[in-house]
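J.: 3D, please:
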Amino acid sequence: MVQERPVRVERRLSAILAADVAGYSRLMHNDEEATHAKLSALLTEAVQPAIAEHGGHIVKNTGDGFLAEFPSAVEAVRAAMQFQTSIHELTIGDVEDRRIAFRVGINIGDVIVEPHDIFGDGVNIAARLEGVAEPGGICISSSAYDQVQGKVGVEFGDLGEQNLKNIARPVRVYRMRPCNAATRPQASLLHRDTPQIGWFPNMFGGFPIRLWPALRARRARMALVIALLFLLSGGVAYWYMHQGEPQPLNHRLSIVVLPFTNLSNASEQEYFAEGITDDLSADLSRIEDSFVIAPSTARAYKNVDPKRVGRELGVRYILDGSLRRTDSLVRINARLIDARTGAEIWSERVDGDWSKSMQLQDIITGRLARRLDLELTNQESRDAEVMRPNNPDAVDLTMRGWAVLNQPYSREQLSQSRALFERALQIDPGFPKALVGLAETLAMEVNYRWTDAPADQLRRAESAVGQVLSKFPSDAMAHFVRGEIQRASGRNVEAAVGEYEAAIAINPSLAPAHGALGAAKIRVGRSAEAFAPLQMAIQLSPRDPLLSTWYFYIGHAHSHLGQYEGAIDWCGRSIAVQPLWIAYADLAAAHALTGHEREAYAAVAELRRIRPSYTVTEWLQDGKGWSDNAVFLAEFQRIADGLRKAGLPE
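T.: Got it, this is the predicted structure:
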């Protein structure tokens, strides 16, 4: 017998350059057409010529950036330096909050080659390095640094070993800096419209003052005037900058994640603490309209007064915390601080198994990111109600809508949330976060059978979320909500599975997408596959507003598989968190099918108390509305038989 040879995978060693636009979502929200036109022009005029001149080629565009491949690290760095310089020159006259700046990461690695793409750890590391870089900056790995040192005319600062997300081993990272950078303080931030710290000499050796980007570029002479005023006034300028009123905080969801304190002595825990800080910064930056300070700057503010941090970085919130390991247990304590008052407004403790440290890091950061998303939204909603009760803008109303939507589902809660999103869209019809929120409320009203016009609501929901995905195809929340729409229709549940998986691929910390994926697996007849994503949702967010729903779906999966003791257990947990009518239905059927007549009758009584006219016929109609999958419907029929035995009227 002739043994077939395995198909050969083409591989090669390459220098990989990954780049994206800093603050792309914010720029697109401010003016999507102008941003798109400007980005296209910069790619044509600055990026593509530089890459071609240095022997590289663009592998693919990623919407807000691109991936390029070069034959050598030297040429990759030279190309990056060339187009970063060109972009700076082409945008120097732009308004600060509309200026486009690229972040660049460069790595050398062995890649898998396909006709229109490249894959592998080498590519992943370059993409992670891009996230570490500052706007207008370049970060490279140690493998690239070894090749370019002394050959490209610039110095690189050693950032040490970094724990990059989903990369198994720490990577030593180097950041490009001007040749004289070592002689002056560093205070680089994620966004260019944030003030930085400048340094001016005087007879006492020098003093720091707040420098806005305009003072660094077009108005540099003004900075000299301010320095002169200081010398003439005996320090009035310094006092005004540092002791006067803080600069206005323009970004409502602005936050800095300060380095978590390692309360143990082991060096590997220091890396772990730094990795959590970096990952949280990355995860929080996925929140719509968020403004997150880069970790490279945050490290300079460890053990600094919160009000000073808020004043100097221009942020409203500060997240800090600590890590302690005892034997195999790791305990993370985190707290959210209002930079305006220095008051703690939220805290959380997370414990985990150190032996699973790589998985643990993802779980911890995902859980904290989800809780912070909820807490920040609720806090901003409360602020809006207090500060602008009679004249809310679209952002205020959207924040209020999400604060309501993040509560446990009910008919009244979804109606109230939908009304807030609709008011926001009357003010700003294209506001993405309001469109996604509106689509979610409409889909949930259909899914829970709280509407008399399901087809109309789903069409409206699809239109709303389609507007967002047409402009922001990598919006994880929009993909999740499109999945909710498809699941609610009952005819596109397989497509819903794909949307949930797409959302998770973009944002692995999106707990609701994991939970919804588990629910969808039941409806496509694969209940045994439902447990893993539902358990992941619970791990990521164990105190989530959706917890009762996730508990129910675990119980529901047990019901579909004929595992009635498990169904009784998990439906009971669901009801203990929040009494859902459907959990009582599964609980009644499971008790009846295991011979617990008294408990079955009691569960039916509770179901009929919440839905007085509910019948077995309605149960079967709901099932047909939820899915047309034959396996699902056969399993659903068995639950109906249990409801009959429990005494639910036909």
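
J.: Which positions in stretch 410-429 come out as buried?
T.: In terms of neighbour count (16 or more other Cβ atoms under 10 Å), stretch 410-429 has its buried residues at 413-414, 416-421, 423-425, 428. Where C-beta positions appear, they are placed from N, C-alpha and C, glycine not excepted.

J.: ditto for stretch 12-31
T.: By 16+ other Cβ under 10 Å, the buried positions in stretch 12-31 come out as 14-29.

J.: which residues of this protein score low on pLDDT?
T.: For the chain, the stretches flagged by pLDDT under 70 are 1-9, 177-253, 265-272, 274-275, 278-279, 282-290, 294-297, 327, 353-392.

J.: 50 instead?
T.: Residues of the chain meeting the criterion pLDDT under 50: 1-2, 5, 178-250, 384, 386-391.

J.: Residues in contact with stretch 610-630: which ones?
T.: Outside stretch 610-630, the residues that touch it by Cβ atoms under 8 Å, 6 or more residues apart in numbering are 449, 454, 490-491, 493, 523-525, 579, 581, 584-585, 607-608, 632-633, 636-637, 639-640, 643-644, 648-650.

J.: what do you get for stretch 460-467?
T.: Contacts of stretch 460-467 (Cβ under 8 Å, 6+ apart): 430, 432, 435-436, 438-440, 442-443, 446, 478, 481-482, 485.

J.: Of those residues, which is the most crowded?
T.: Tallying neighbours with other Cβ atoms under 10 Å puts V481 at the head of the contacts of stretch 460-467, with 32 neighbours.

J.: so it sits right up against M444, yeah?
T.: No. Taking contacts as Cβ atoms under 8 Å, V481 lies outside contact range of M444: 9.6 Å.

J.: ok, how many other residues are close to N163?
T.: For N163, using other Cβ under 10 Å, the count is 22.

J.: In this structure it contacts V132, no?
T.: No. Using Cβ under 8 Å, N163 is not in contact with V132, being 10.9 Å away.

J.: ok, then the element right after the strand ranked longest in the chain?
T.: Longest strand in the chain by number of residues (criterion: DSSP state E): strand 102-114. Next in sequence after strand 102-114, counting helices and strands by DSSP states H and E, comes strand 117-119.

J.: Could you look up the SS state of D94?
T.: coil (DSSP: H, G, I helix; E, B strand; the rest coil).

J.: repeat for T441
T.: helix.

J.: Over to W346?
T.: Under three-state DSSP, the three-state class of W346 is strand.

J.: State the distance from the closest residue to it other than its chain neighbours to G131.
T.: Distance criterion Cβ to Cβ, 6 or more residues apart in numbering; nearest residue to W346, sequence neighbours excluded, is L336 at 4.2 Å. Separation of L336 from G131 (Cβ to Cβ, to the nearest Å): 22 Å.

J.: Okay, helices next: where are they in the stretch 51-200 of the chain?
T.: Per DSSP state H, counting those that start in this stretch, the stretch 51-200 of the chain carries helices over the ranges 73-91, 121-132, 142-148.

J.: tell me which strands and helices the helix or strand R12 falls within is in contact with?
T.: Element membership of R12 [criterion: DSSP H and E] is strand 11-21. The elements that strand 11-21 packs onto, with contact taken as 3 or more Cβ pairs under 8 Å, 6 or more residues apart in numbering; DSSP states H and E, are strand 65-70, helix 73-91, strand 102-114, helix 121-132.

J.: Just give me how far the last one sits from the chain centre.
T.: By that I understand helix 121-132. For helix 121-132, the separation from the chain centroid amounts to 17 Å (computed by Cα atoms, centre = their mean, to the nearest Å).

J.: Taking helix 73-91 as reference, get the angle to that helix.
T.: Using axes from the mean of the first three to the mean of the last three Cα atoms, to 10 degrees, the direction of helix 121-132 lies 30 degrees away from that of helix 73-91.

J.: Only C-alpha atoms, please: export helix 121-132 in PDB.
T.: Extracted in PDB, the C-alpha atoms of helix 121-132 (Å, rounded to 0.1, in the frame of the first residue of the first chain):
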ATOM      1  CA  ASP A 121       3.200  33.300  16.200                       C
ATOM      2  CA  GLY A 122       5.500  35.700  14.300                       C
ATOM      3  CA  VAL A 123       2.500  37.500  13.000                       C
ATOM      4  CA  ASN A 124       0.700  37.400  16.300                       C
ATOM      5  CA  ILE A 125       3.700  38.900  18.200                       C
ATOM      6  CA  ALA A 126       4.000  41.800  15.600                       C
ATOM      7  CA  ALA A 127       0.300  42.500  16.200                       C
ATOM      8  CA  ARG A 128       0.700  42.500  20.000                       C
ATOM      9  CA  LEU A 129       3.800  44.800  19.700                       C
ATOM     10  CA  GLU A 130       1.700  47.300  17.700                       C
ATOM     11  CA  GLY A 131      -0.600  47.500  20.700                       C
ATOM     12  CA  VAL A 132       2.300  48.400  23.000                       C
END
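
J.: Output the contacting helices and strands for that helix.
T.: Against helix 121-132 (3+ Cβ pairs under 8 Å, 6+ apart) you get strand 11-21, strand 65-70, strand 102-114, strand 138-141, strand 171-177.

J.: Am I right that G430 sits in a helix?
T.: No. Using three-state DSSP, the secondary structure at G430 is coil, not a helix.

J.: How many residues are close by A455?
T.: 10.

J.: Now it, what are its backbone angles?
T.: phi -60, psi -40 (degrees, to the nearest 10).

J.: can you check the one 5 residues further on too?
T.: Comment: the main-chain dihedrals of R460 come out as phi -70, psi -40, following degrees, to the nearest 10.

J.: Any figure for the gap between it and V104?
T.: Separation of R460 from V104 (Cβ to Cβ) stands at 42 Å.

J.: ok, which stretches of the stretch 551-650 of the chain are helices?
T.: Ranges of helices in the stretch 551-650 of the chain, per DSSP H, counting those that start in this stretch, are 564-577, 581-593, 597-610, 616-626, 630-645.

J.: again with the stretch 351-500 of the chain
T.: For the stretch 351-500 of the chain, the helices defined by DSSP H, counting those that start in this stretch occupy 357-387, 394-405, 411-427, 432-447, 454-471, 476-489, 493-506.

J.: would you turn these into CSV with distance to D351?
T.: Formatted as CSV, these follow (distance: least, Cβ to Cβ, whole Å):
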stretch, distance to D351
helix 357-387, 9
helix 394-405, 28
helix 411-427, 31
helix 432-447, 31
helix 454-471, 37
helix 476-489, 27
helix 493-506, 24
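
J.: To E114, which of those helices lies closest?
T.: Among the helices of the stretch 351-500 of the chain, helix 493-506 comes nearest to E114, with 17.9 Å by Cβ to Cβ.

J.: Give me the contacts around that closest one.
T.: 474-477, 479-480, 482-487, 510, 513-514, 516-517, 520-521, 523-524, 627, 629.

J.: before we move on, the earlier item: packed most tightly, which of the helices of the stretch 551-650 of the chain would that be?
T.: helix 581-593 (a mean of 26; mean count of other Cβ atoms under 10 Å).

J.: Could you check the angle that helix makes with helix 564-577?
T.: 150 degrees.

J.: the inter-axis angle of helix 581-593 versus helix 630-645?
T.: Going by the same axes, to 10 degrees, helix 581-593 makes 70 degrees with helix 630-645.

J.: quick one: helix 581-593 to helix 597-610, angle?
T.: Relative orientation of helix 581-593 versus helix 597-610 (the same axes, to 10 degrees): 160 degrees.

J.: before we move on, back to that, please say which of R460 and V104 ends up with more neighbours.
T.: Between R460 and V104, V104 has the larger neighbour count (other Cβ under 10 Å), namely 28 against 16.
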